[in-house]
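>>> what follows is a predicted protein model with its sequence.
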Amino acid sequence: MSPVFNFSAGPAVLPREVLLEVQQELLDWHGSGMSVMEMSHRGKEFMQIAAEAEEDLRSVLGIPKHYKVLFLQGGATTQFAMVPMNLVRGRTSIDFVDTGHWSKLAVKEARKYCANTRLVTSSEASGYRDIPAFESWERDPNAAYLHYTSNETLGGVEFPYIPDSGDVPLVCDMSSNFLSRPVDISKFGLIYGGAQKNIGPAGLTLVIVREDLLGQTVPGTPTMMDYKIQADGDSMYNTPPTFAIYVAGLVFKWIQRQGGLKAIEQRNIEKAALLYETVDTSGGFYISPVEKAFRSRMNVPFRLADPALDEAFIKEAAARNLLQIKGHRSTGGMRASIYNAMPLEGVKALTGFMQEFARSHG
């Protein structure tokens, strides 16, 4: 059977090596006689798993000691509320960068906790094809924080830089490009992201937060949504998503074996360059909706010039074991998500098919 390549935006492909490790350890983790799914989160076995996962993540990302790492539940969408609950800290405004679908949802949720939720810039006028120049942003130097989405999974727009927020804490939804490249953690007040792209299975959310931002929640904040309580309890105030943490820990070790984030980034650059080149050299058969400077390395949306061919493209791609290539329902077209675990072989299989399809239907 020819290999299957899964281009889903999430839950997404996991490294095959990791899946094999999970398979081998599923019934008996390291001679314990238990599956990780059966372990008490307070037992010494799982405590070891969790400690190693955090240690490896800190090593991979170079996380400074004065930042807390939280392994939480609820997905990144829950963080749209949890961040303002914890970070407003008596301020009267929050600054947001609007670059697409997930940015807009984060703004909508934050307005429940801070009425003066400002858009410092928006690319809505361009159809979310780009990111407005940083010099044009209208920032509030007294804002509680500046929030941006580093990679819009749906629209395929990615920040090629980290914004300078000055003395205002910088908050980033890094869900879909987390661990895809090196990042200077010290430039952020808080980073969050759902696991189901580059980290592990759905059900786990990672939060990296500077310690001085803890402990000043808005009145009425639920106990479970207080970062300080979660930090003080080492993410175990209640039962954490144990199996997802275990798999994430294996992924962190896999990244280390690949040569770390610098090596991962170079592979991601190569994969994205190949796919975009295929689109750009198709003579207009395929069209990229995103300006070149802001094209995502993780999520590559593209359209066929003739939408009448969409159904045939998806059907023929599936027959080649190129799966989950259909674009989001709100945008149509196609979208290939090429996260860390997608091998170059998979991108070559897709681009080869795209070239063949263009020749036979052009």
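Nice, thanks for sending it over.
>>> next, count neighbours for residue 23.
9 (other CB atoms under 10 Å). C-beta coordinates here come from the backbone N, C-alpha and C atoms, glycine included.
>>> what domains does the record give for the chain?
16-257, 260-361 (automatic domain parsing).
>>> end to end, how far does the last one reach?
The one in question is domain 260-361. In domain 260-361, first residue to last residue: 42 Å (CA to CA, to the nearest Å).
>>> start at 57 instead
With 57 as the first residue, the last one maps to domain 316-417.
>>> please name the spatially closest residue to residue 235 (chain neighbours excluded).
Nearest non-adjacent residue to residue 235, counting by CB to CB, 6 or more residues apart in numbering: residue 254, 4.6 Å away.
>>> helix or strand for that neighbour, which one?
For residue 254, there is no helix or strand it lies in under DSSP states H and E.
>>> so who does it touch?
Residues in contact with residue 254 (CB atoms under 8 Å, 6 or more residues apart in numbering) are 68, 232-236, 307, 354, 395-397.
>>> can you list the residues you listed in TSV and add distance to residue 283 and neighbour count?
Shown next, in TSV, are those (distance: CB to CB, whole Å; neighbours: other CB atoms under 10 Å):
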residue	distance to residue 283	neighbour count
68	27	27
232	22	29
233	23	26
234	18	27
235	21	24
236	25	25
307	24	26
354	27	29
395	27	28
396	27	28
397	29	19
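>>> out of the residues you listed, which is nearest to residue 278?
residue 234 (25.1 Å; CB to CB).
>>> which among the domains of the chain is found nearest to residue 58?
domain 316-417 (5.6 Å).
>>> how many neighbours does residue 296 have?
Around residue 296 there are 22 residues (other CB under 10 Å).
>>> meant to ask about residue 272, not that
Residue 272: 15 neighbours (other CB under 10 Å).
>>> show the pLDDT at it.
What the model reports for residue 272 is a pLDDT of 94.
>>> excluding chain neighbours, what is closest to it?
Per CB to CB, 6+ apart, closest to residue 272 is residue 145, 4.3 Å.
>>> next, the one you found: phi, psi?
phi 50, psi 40 (degrees, to the nearest 10).
>>> and it, what does it touch?
Residue 145 touches 200, 269, 272, counting by CB under 8 Å, 6+ apart.
>>> quick one on the thing from earlier: restricted to strands, list the contacts of residue 254.
Nothing among the contacts of residue 254 maps onto strands, per DSSP state E.
>>> where in this protein is pLDDT low?
57 (pLDDT under 70).
>>> what about the strands in it?
Under DSSP E, the chain gives strands at 61-62, 123-128, 150-154, 173-178, 202-205, 207-208, 213-214, 226-229, 246-250, 261-266, 342-343, 355-360, 378-379, 390-393.
>>> and those strands as a markdown table, adding distance to residue 329 and mean neighbour count?
Converted to a markdown table, the strands of the chain look like this (distance: least, CB to CB, whole Å; neighbours: other CB atoms under 10 Å):
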| stretch | distance to residue 329 | mean neighbour count |
| --- | --- | --- |
| strand 61-62 | 18 | 20 |
| strand 123-128 | 32 | 21 |
| strand 150-154 | 26 | 25 |
| strand 173-178 | 28 | 19 |
| strand 202-205 | 23 | 26 |
| strand 207-208 | 17 | 28 |
| strand 213-214 | 14 | 26 |
| strand 226-229 | 24 | 25 |
| strand 246-250 | 24 | 26 |
| strand 261-266 | 28 | 24 |
| strand 342-343 | 15 | 18 |
| strand 355-360 | 11 | 24 |
| strand 378-379 | 19 | 18 |
| strand 390-393 | 13 | 24 |
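>>> ok, which of those comes nearest residue 301?
Minimum separation from residue 301 across these (CB to CB) falls at strand 123-128, 5.2 Å.
>>> let's see that closest one as PDB, backbone CA atoms only.
Provided in PDB are the C-alpha atoms of strand 123-128 (Å, rounded to 0.1, in the frame of the first residue of the first chain):
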ATOM      1  CA  TYR A 123       8.300  31.800  32.900                       C
ATOM      2  CA  LYS A 124       5.800  29.200  34.000                       C
ATOM      3  CA  VAL A 125       4.800  26.400  31.600                       C
ATOM      4  CA  LEU A 126       1.200  25.200  32.000                       C
ATOM      5  CA  PHE A 127      -0.400  22.100  30.500                       C
ATOM      6  CA  LEU A 128      -4.100  22.900  30.400                       C
END
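>>> dump the strands of the chain to CSV, plus distance to residue 325.
Listed next are these as CSV, based on distance: least, CB to CB, whole Å:
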stretch, distance to residue 325
strand 61-62, 19
strand 123-128, 27
strand 150-154, 24
strand 173-178, 27
strand 202-205, 21
strand 207-208, 14
strand 213-214, 12
strand 226-229, 21
strand 246-250, 20
strand 261-266, 23
strand 342-343, 20
strand 355-360, 13
strand 378-379, 21
strand 390-393, 15
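>>> for residue 410, which of these is the nearest?
strand 342-343 (6.7 Å).
>>> name the helices or strands packed onto that closest one?
Based on contacts counted as 3 or more CB pairs under 8 Å, 6 or more residues apart in numbering; DSSP states H and E, the elements that strand 342-343 packs against are helix 316-336, strand 355-360.
>>> tell me which of those lies nearest to residue 180.
strand 355-360 (16.8 Å).
>>> between helix 316-336 and the closest one, find me the angle.
10 degrees (axes from the mean of the first three to the mean of the last three CA atoms, to 10 degrees).
>>> chain center to strand 355-360: distance?
18 Å (CA atoms, centre = their mean, to the nearest Å).
>>> so what touches that strand?
65, 207-212, 232, 328, 331-332, 335, 341-346, 366, 369, 383-384, 387-394.
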